[in-house]
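Peer 1: what follows is a predicted protein model with its sequence.
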Protein chains: 2
Amino acid sequence: MTAAFQRLWQEIATIGRDPRGGYLRYALSEPELVLRDWFRNQAARRDLAVTEDGNGNLFAWWGRPWGPDAVLTGSHFDSVPHGGGYDGPLGIVSAFLAVDALRERGVTPGRPIGIAAFVEEEGGRFGVPCLGSRLLTGAITPEKAAGLCDRDGVTFGEALGARPAGALPGLARRVSAVVELHIEQGKALVDLGAPVGVASAIWPHGRWRMDFTGTGDHAGTTRMADRHDPMLTFAHTVLAANEEARAAGAHATVARVEVEPNATNAIPSLVRGWLDARAADTPTLDRLVEAVLKRATEQAGRDGTGVVVEPESLSPEVAFDTALAARLAGILGGAPILPTSAGHDAGVLSAHVPTAMLFVRNPTGVSHSPAEHAPDEDCAAGAESLATVLEALT
Amino acid sequence: MTAAFQRLWQEIATIGRDPRGGYLRYALSEPELVLRDWFRNQAARRDLAVTEDGNGNLFAWWGRPWGPDAVLTGSHFDSVPHGGGYDGPLGIVSAFLAVDALRERGVTPGRPIGIAAFVEEEGGRFGVPCLGSRLLTGAITPEKAAGLCDRDGVTFGEALGARPAGALPGLARRVSAVVELHIEQGKALVDLGAPVGVASAIWPHGRWRMDFTGTGDHAGTTRMADRHDPMLTFAHTVLAANEEARAAGAHATVARVEVEPNATNAIPSLVRGWLDARAADTPTLDRLVEAVLKRATEQAGRDGTGVVVEPESLSPEVAFDTALAARLAGILGGAPILPTSAGHDAGVLSAHVPTAMLFVRNPTGVSHSPAEHAPDEDCAAGAESLATVLEALT
C-alpha cells in the first residue's frame, strides 16, 4: 500500500504548490479546478460515476449515487494559503486507495460508497469554513452563501457560476454513515504510539470579524494626543484574546489583518482583524468571546476609536456518534479515540448522519503550514484502515 | 486668483480618485502618468520647456533649463493610498498659477524658474520617501533606488524603464534657491489666523521595517503554550511604540502591516510591521527608536519569536535657510514661521541649495486622508504668495 500511496500522492504533489512555501489551493481557483479534474480522472479510471450537488461539491460513486444507505467518505482539496498538502487531499487520495484495496480483497460492497470532494472547507477564500457541507445539509442558505465575497470582490455565486442548490432532501435516508479520514492536527497519536486514531468530538469554535475604526491622518504631523488610531485598539485586543484564552484553557488567535490605507505614514482609518476562538465546551467558548469583545470595546472607548464585531461562522460542539466510534476503534484493533479542536465537514454532517473520523499520525503536530507532514507508511496505514472500515460499514 | 485656481484644480480633481475615498496616485502608476501628461500640457500652454532628469523627475522651465541660478519650485503628484488631493499637487498647480500671475504683473524674471514634479515623494510605492529628490541630489545611489520593489515585485528601475541617472552635477551652481509650496499638515496656521506661513525646520524622521518571525501552525489545534506567534510580539511592539513616543514628546506610528499567510485559522509565520518615528531633534529620535526596538526584542524573547529590523529610510533634521525664511516672511508681510514633522523634497534639497517652504492653511489639520482639505481662497492666497516670492528671488 505504501508504494500505491506514493504513486497517487505524487500525481497531485505539485498542483498549487507555491514557490514561497506550501500550497495555494483556494476553492474554485485554478489549482483546485485542476485537482477536481484529477478527481474525475481517478473516478473514471475506477469506473466510478461522478455527480455534482450544485453546491460545488463533487462525488464519485461505487454503486448507486446517493444510496439509499450509502457510506460517504472523502474530504476536501482546498488549503489555507501556504498550508500543507495533507489537510484535505489525504482523505480523498485515501478514499480512492481504499476502493482499490477493497477490490483487491475481492469485496463487493452491499451499500454504495461515495467519495466526496467538498468545496471551501477552510473558508480561506469566502470566509465561511465547511461551506460545501453547510450548503449540502442546509446549515447555510444558498442566498447567504452565494453572496459571500473573496478578497477580490468575487462572490461564491459568481465563482460557482450559479446559485447554489442548497440542502439535499432525504440526506439521512440516502446516507447511512460518513467516515472522513484526515491528518491529525496535533501530536496525540505520537504520544499514543498509534498510526491511526478515531475522533470522539470537535470543540465548538467560530470566527468573528472585528472592524476597528479610527481617524485617518498623517502619521508624521498628528500629535499623539490628537490621534484616534485603531491599530492601538487592535493590538490591545490581540493581547487580550491571548490572555483570556490562556486563562480559560481555550484557544484564541488573531492571525488575519487588513489595514486601510496600510501606508507607513498614514494613521489607519480601519484595522480589520479576525478572531478565531475555540474551547472544549460551549459555555467556555461563549465566556471567552464575550470577555475578548468586552475588553476590545472598553479599549476602543479609551482610544477614541470604534469597534464593530460580526460573527462570520459558528460551529457548535460536535460529539461524533459514540457507538460508531467505538465500533471503528474495535474493527481497527483498538485504535485510540481522541478529540480535536479543528473543524471538519464531518462535523457539519454529524448533525444529520452517524459520522466518524479517522486521524493519521502527524509527527510534528504542525498543520496549516508548509511544514505539515505525515510519513508515507502512516498514510498507507490510514488508507488500509479506511478500507477496513468501509468494508465493515457496507 | 480664486477662480483661476478653481479652474486649474478642477482639471486634475478626478484623476486617480478612488470610489472608496481619497486618491490612488502611486508613483509611475496610470493616474500619476496621466498627471504627468497634464503637466506637459500645462507647460506647453505656457511655452515652458519640459526636461527630465533621468530619475523620474519632470521639470518645466521659464528661462534656461538648469540655470545657472535657477529658482526651483513645484512639488509631487504621488499620494499615499487613499490620501487627499492637496499633499503634493497643490505645489505644482500653484507654481503654474504663479507663472501666470507673474506674466499678468508684466514681470520678466532675471533668473530661470523651474517647476518640478518629483517622483515617489511619499514612498507609497517603493518604500523610500523623497526618492526623486534623493536621486537628484545623490542621497541614494541609482543602484539602490533601481532595486527597490513595490508590493507586486516590480522594481523602481523596471517602472522607470531605465537605470536612474543619479545625481545632477553642479546642482548648487545651477539652482540658487528652492521654494516648495505645500498644504500644512497640522493646524498651526489656523491657530495663528494666517492663510500662508513659511517653514523653519523639519523634524528628523525615518522608517524601520520590523520582521517578526514565528512558527506557522493551526490556530485551532495548537495549544497556547506551544505557540510561537509573531502577532503577539507585533502587538506588544505597537503599544510600546505608542507609549515611548508619548513619553518622549515625539511621534511613533505603526500603520502598515503584512501577515503571512494572513489566514484566520493559521498562526502566522511572519508579521511585518513598519515603524514611522519622528522627533524634534536627532538624539530624541535615536533614543525613541532604540527604546522601541529594545522592547520588541525583549518581547520576542518571551514569545519565542524572532525580530529583525531594517531601516528603510532616515531623513536627518532639516533647518531651512534661516535668512531665506526671514526674507520670505518679510516679503509676505510678516507671514508666520513654523516647523513641521512631515518630510518633503525641499528637506532633501536643503542640504545642497538655500531652500524654503510655504505652507497653506488646513482648517482641520488632517492630511494623508480623504478628509484633507484647504479652502479655495487660501489656495489662491498661496499661489499669489508664491508668485510674490518668485518675483523677489528672480
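Peer 2: That came through fine.

Peer 1: how about the nearest residue to A:P375, chain neighbours excluded?
Peer 2: Once its chain neighbours are removed from consideration, A:P375 has its nearest residue in A:P363; the separation is 6.9 Å (CB to CB, 6 or more residues apart in numbering or on different chains). To be clear about C-beta, it is placed using only N, CA and C from the backbone, and glycine gets the same treatment.

Peer 1: ditto for A:H251
Peer 2: Spatial nearest neighbour of A:H251, chain neighbours left out: A:R278 (4.4 Å); criterion: CB to CB, 6+ apart.

Peer 1: identify the residues contacting the one you found.
Peer 2: Counting by CB atoms under 8 Å, 6 or more residues apart in numbering or on different chains, A:R278 touches A:203-206, A:250-252, A:285, A:341, B:220.

Peer 1: what does the pLDDT read for it?
Peer 2: The score at A:R278 is 95. That number is its pLDDT.

Peer 1: can you list the residues of the stretch 51-200 of chain A near chain B?
Peer 2: Within the stretch 51-200 of chain A, the positions lying close to chain B (CB under 8 Å from any CB of the partner chain) are A:80-83, A:122-124, A:127, A:129, A:185-186.

Peer 1: could you tell me which of those count as buried?
Peer 2: The neighbour-count criterion (16 or more other CB atoms under 10 Å in any protein chain shown) marks A:80-83, A:122-124, A:127, A:129, A:185-186 among these as buried.

Peer 1: and A:A49, its phi and psi?
Peer 2: For A:A49, the backbone dihedrals (degrees, to the nearest 10) come out as phi -80, psi 140.

Peer 1: so what pairs up with it in the strands?
Peer 2: Judged by DSSP bridges, the bridge partners of A:A49 are A:W61.

Peer 1: ok, it touching A:A43?
Peer 2: Yes - A:A49 is within contact range of A:A43, at 7.4 Å (criterion: CB atoms under 8 Å).

Peer 1: shared neighbours of those two, anything?
Peer 2: When CB under 8 Å, 6+ apart defines a contact, the residues bordering A:A49 and A:A43 alike are A:A60.

Peer 1: of these two, who's got more company?
Peer 2: More neighbours surround A:A43 than the other of A:A49 and A:A43, with 22 against 15 (other CB atoms under 10 Å in any protein chain shown).

Peer 1: for that one, which residues are in contact?
Peer 2: Applying CB under 8 Å, 6+ apart, we find A:A43 in contact with A:49-50, A:60, A:115.

Peer 1: for PyMOL, what selects the buried ones among the residues you listed?
Peer 2: To isolate the buried ones among these in PyMOL, judged by 16+ other CB under 10 Å, type:
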select buried, chain A and resi 50+60+115
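
Peer 1: quick one: the contacts of A:A43 as a markdown table, columns for distance to B:A177 too.
Peer 2: As requested, these are arranged in a markdown table below (distance: CB to CB, whole Å):
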| residue | distance to B:A177 |
| --- | --- |
| A:A49 | 82 |
| A:V50 | 77 |
| A:A60 | 78 |
| A:I115 | 77 |
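
Peer 1: pLDDT added to the contacts of A:A43, as CSV?
Peer 2: Formatted as CSV, the contacts of A:A43 follow (pLDDT from 0 to 100):
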residue, pLDDT
A:A49, 98
A:V50, 98
A:A60, 98
A:I115, 98
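
Peer 1: for the contacts of A:A43, which one is nearest B:V107?
Peer 2: Of all those, A:V50 has the smallest distance to B:V107: 81.7 Å, by CB to CB.

Peer 1: verify the stated contact: the closest one with A:A60.
Peer 2: Yes - because the distance of 5.2 Å satisfies CB under 8 Å, A:V50 is recorded as touching A:A60.

Peer 1: how about the helix or strand containing A:V190: buried residues?
Peer 2: Using DSSP states H and E, A:V190 sits within helix A:188-192. Within helix A:188-192, the residues that qualify as buried are A:188-189, counting by 16+ other CB under 10 Å.

Peer 1: average pLDDT for that helix, rounded please.
Peer 2: What helix A:188-192 shows for mean pLDDT is 93.

Peer 1: for that helix, the distance to its chain's centre please.
Peer 2: Centroid separation for helix A:188-192 versus its chain: 22 Å, with CA atoms, centre = their mean, to the nearest Å.

Peer 1: which other helices and strands does the helix or strand that it is followed by contact?
Peer 2: Towards the C-terminus, the helix or strand next in line after helix A:188-192, according to DSSP H and E, is strand A:196-202. Taking 3 or more CB pairs under 8 Å, 6 or more residues apart in numbering or on different chains; DSSP states H and E as the contact definition, the neighbouring helices and strands of strand A:196-202 are helix A:188-192, strand A:318-319, helix A:322-331, strand A:337-340, strand A:355-360, helix A:376-393.

Peer 1: who's in contact with strand A:196-202?
Peer 2: Applying CB under 8 Å, 6+ apart, the contact partners of strand A:196-202 are A:184, A:188-189, A:315, A:317-320, A:322, A:325, A:328-329, A:332, A:335-344, A:346-347, A:356-361, A:378, A:381-382, A:385.

Peer 1: before we move on, back to that, would you turn the helices and strands packed on strand A:196-202 into JSON lines with distance to A:V71?
Peer 2: Conversion of these to JSON lines gives the following (distance: least, CB to CB, whole Å):
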{"stretch": "helix A:188-192", "distance to A:V71": "24"}
{"stretch": "strand A:318-319", "distance to A:V71": "19"}
{"stretch": "helix A:322-331", "distance to A:V71": "11"}
{"stretch": "strand A:337-340", "distance to A:V71": "20"}
{"stretch": "strand A:355-360", "distance to A:V71": "10"}
{"stretch": "helix A:376-393", "distance to A:V71": "5"}
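
Peer 1: mean neighbour count, those: which tops it?
Peer 2: Looking across the helices and strands packed on strand A:196-202 with neighbours counted as mean count of other CB atoms under 10 Å in any protein chain shown, the highest average goes to strand A:355-360: a mean of 27.

Peer 1: let me know the average pLDDT across that one.
Peer 2: 97.

Peer 1: which strands or helices does that strand pack on?
Peer 2: Contact partners of strand A:355-360 among helices and strands, from 3+ CB pairs under 8 Å, 6+ apart: strand A:175-183, strand A:196-202, helix A:322-331, strand A:337-340, helix A:345-349, helix A:376-393.

Peer 1: would you turn these into CSV with mean pLDDT?
Peer 2: Formatted as CSV, the entries for the helices and strands packed on strand A:355-360 read as follows, by pLDDT from 0 to 100:
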stretch, mean pLDDT
strand A:175-183, 98
strand A:196-202, 95
helix A:322-331, 96
strand A:337-340, 92
helix A:345-349, 96
helix A:376-393, 98
